[in-house]
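Peer 1: Kindly return the folded structure for what I paste below:
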Amino acid sequence: MMHCVTCSAPVNIAVVKYWGKNDETLILPANSSVSVTLHQDQLQAQTSVAVSHHFEKDRIWLNGKEQCINNPRIQNVIREIKRRARKRKVSSRDTDTEKLNWKIHICSKNNFPTAAGLASSAAGYACLVYALKCLYDIDGDISAIARCGSGSACRSIHGGFVVWNKGEENDGTDSIARQIQPHTHWPDLRVLILVVNEQKKHTGSTEGMQITMKTSELLQGRIRCVPDKVEKINQAINDRDFQTFAEITMKDSNQMHACCLDTYPPISYLTDVSRRIIQLVHHFNRSCQQTKVAYTFDAGPNACLFLLKKDVQRFLHLVKQFFPPTTEEKDFIRGKTEELTETVSNGNEEDRSYFPLDPVADSLKYIIYTMPGPGPQELPPDQSLLDKDGLPKTLS
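Peer 2: Just a heads-up that it's a prediction; the model follows:
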């Protein structure tokens, strides 16, 4: 007999970021953070987990390739889930504990680039933890378990707008994520992800945080001012106050990357194209005489832009002027393209005096158009990534 569960989970993008840990083992952040969960229609991880008394050993496959399952973080997640399941079954006198001793097969895939600064580990670990929760039928908060896999994964356990409280307890029991507002709270908020590079980043987030915590003098000042930012952006989200939300988001991104440059030796995740995107956003906001677009960059060169639905068409037209694609429109802009039906007329061309930038062709790989979305969900059995023998249906 084989028990199998398949789930999907979303990417989240931090608007007040965490960069640095107080405890590397428990993955306790140096500061709280706030994020927006993106819609799974465009960005998701999908994971199938199966247990069977026929399996000879634990195994894991990621995007069609078998990986080492002895990764400490994967083991921490599995161990904690099983501990919670055993505790629940003892307290409820549930005698179905046999499958807790069976070997496990895990198969996971992303529909977006892995390790390119698009929060793939957050979606992946959130998906794994949620699938294990469903498989072993456990209750209660699981964001702390997801945190043990990847810090930001705890935020992907929830949809919409999420805060991850750094907590005060040494054992990390209060370092959990909670939802500020559901994804339906701000229905006209939209997200553009400008993919500059799909390659694996040169310095991983974990390594980058460790070096920054050890060497950056700026980081300590940043940590002290985060609580005030978290409070203000929470209020901006509750009020749907885009101006305040956008300003805090951009300043926090700039500050995090300044701390990376203050690291010794310095770390730079942004590229020349990333910096041109920043310039374009500020020039556009200046031409509008108000903040219409906000950028944020995680540990990678790809830009995540927030704006309202009514401004998407106009700004996309501008992006295509200054980052002209060499591919067809359907390949360049992906996601919620059904909303992009209007044509920007010549009468709406931007005043070029506001944009002292020269076009650079083929500098963006593509654009993902999305919006806030819900949290993890269980999928029907026919969407399993594993076959009846517990092996991947597709291998690369």
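
Peer 1: from here on, contacts and neighbour counts on C-alpha atoms
Peer 2: Fine.

Peer 1: Tell me which residues of the helix or strand of the chain with the lowest mean pLDDT come out buried.
Peer 2: One helix or strand of the chain scores below all others by mean pLDDT, DSSP states H and E: helix 329-332, with a mean of 83. For helix 329-332, the neighbour count (16 or more other CA atoms under 10 Å) marks Phe332 as buried.

Peer 1: In a helix, Asn234, correct?
Peer 2: Yes - using DSSP: H, G, I helix; E, B strand; the rest coil, the secondary structure at Asn234 is a helix.

Peer 1: distance of the closest residue to it other than its chain neighbours from Gly160?
Peer 2: Spatial nearest neighbour of Asn234, excluding adjacent residues (CA to CA, 6 or more residues apart in numbering): Ile180 at 7.2 Å. Note on Ile180: its distance to Gly160, by CA to CA, to the nearest Å, is 8 Å.

Peer 1: now Cys259
Peer 2: For Cys259, the distance to Gly160 equals 28 Å [CA to CA].

Peer 1: Going by residue numbers, what spans are helices in the protein?
Peer 2: 72-92, 120-136, 143-147, 205-215, 217-239, 242-262, 272-288, 309-322, 329-332 (DSSP state H).

Peer 1: Could you point out which of those sits nearest Thr296?
Peer 2: Closest to Thr296 of the helices of the chain, according to CA to CA: helix 242-262, at 5.3 Å.

Peer 1: so what secondary structure elements neighbour the closest one?
Peer 2: Applying 3 or more CA pairs under 8 Å, 6 or more residues apart in numbering; DSSP states H and E, one finds that helix 242-262 contacts strand 12-16, helix 205-215, helix 217-239, strand 293-296.

Peer 1: what about 6 Å?
Peer 2: With contacts taken as 3 or more CA pairs under 6 Å, 6 or more residues apart in numbering; DSSP states H and E, helix 242-262 sits against helix 217-239, strand 293-296.

Peer 1: And the residue nearest to Asn234, how far from Val36?
Peer 2: In terms of CA to CA, Ile180 sits 10 Å off from Val36.

Peer 1: residues near the residue nearest to Cys107 when sequence neighbours are not counted, how many?
Peer 2: Leaving aside its chain neighbours, Cys107 sits nearest to Trp61 (4.7 Å; criterion: CA to CA, 6+ apart). Per other CA atoms under 10 Å, the neighbour tally for Trp61 reads 21.

Peer 1: Please apply the same query to Leu340.
Peer 2: Counted with other CA under 10 Å, Leu340 comes out at 12.

Peer 1: for Asn170, same thing?
Peer 2: 12.

Peer 1: And for Thr271?
Peer 2: 14.

Peer 1: Ignoring the adjacent residues along the chain, who's closest to it?
Peer 2: That would be Pro301: by CA to CA, 6+ apart, it lies 5.9 Å from Thr271.

Peer 1: Break the protein into its domains for me.
Peer 2: Taking automatic domain parsing as the reference, the chain has its domains at 2-183+376-383, 189-370.

Peer 1: Dump those domains into JSON lines; add distance to Gly390 as well.
Peer 2: Shown next, in JSON lines, are the domains of the chain (distance: least, CA to CA, whole Å):
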{"stretch": "domain 2-183+376-383", "distance to Gly390": "7"}
{"stretch": "domain 189-370", "distance to Gly390": "29"}
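
Peer 1: Would you mind naming the residues that bridge with the residue nearest to Ile193 when sequence neighbours are not counted?
Peer 2: Counting by CA to CA, 6+ apart, Ile193 lies nearest to Cys304, which is 4.5 Å off, once chain neighbours are set aside. Beta bridges link Cys304 to Ile193, Thr296, judged by DSSP bridges.
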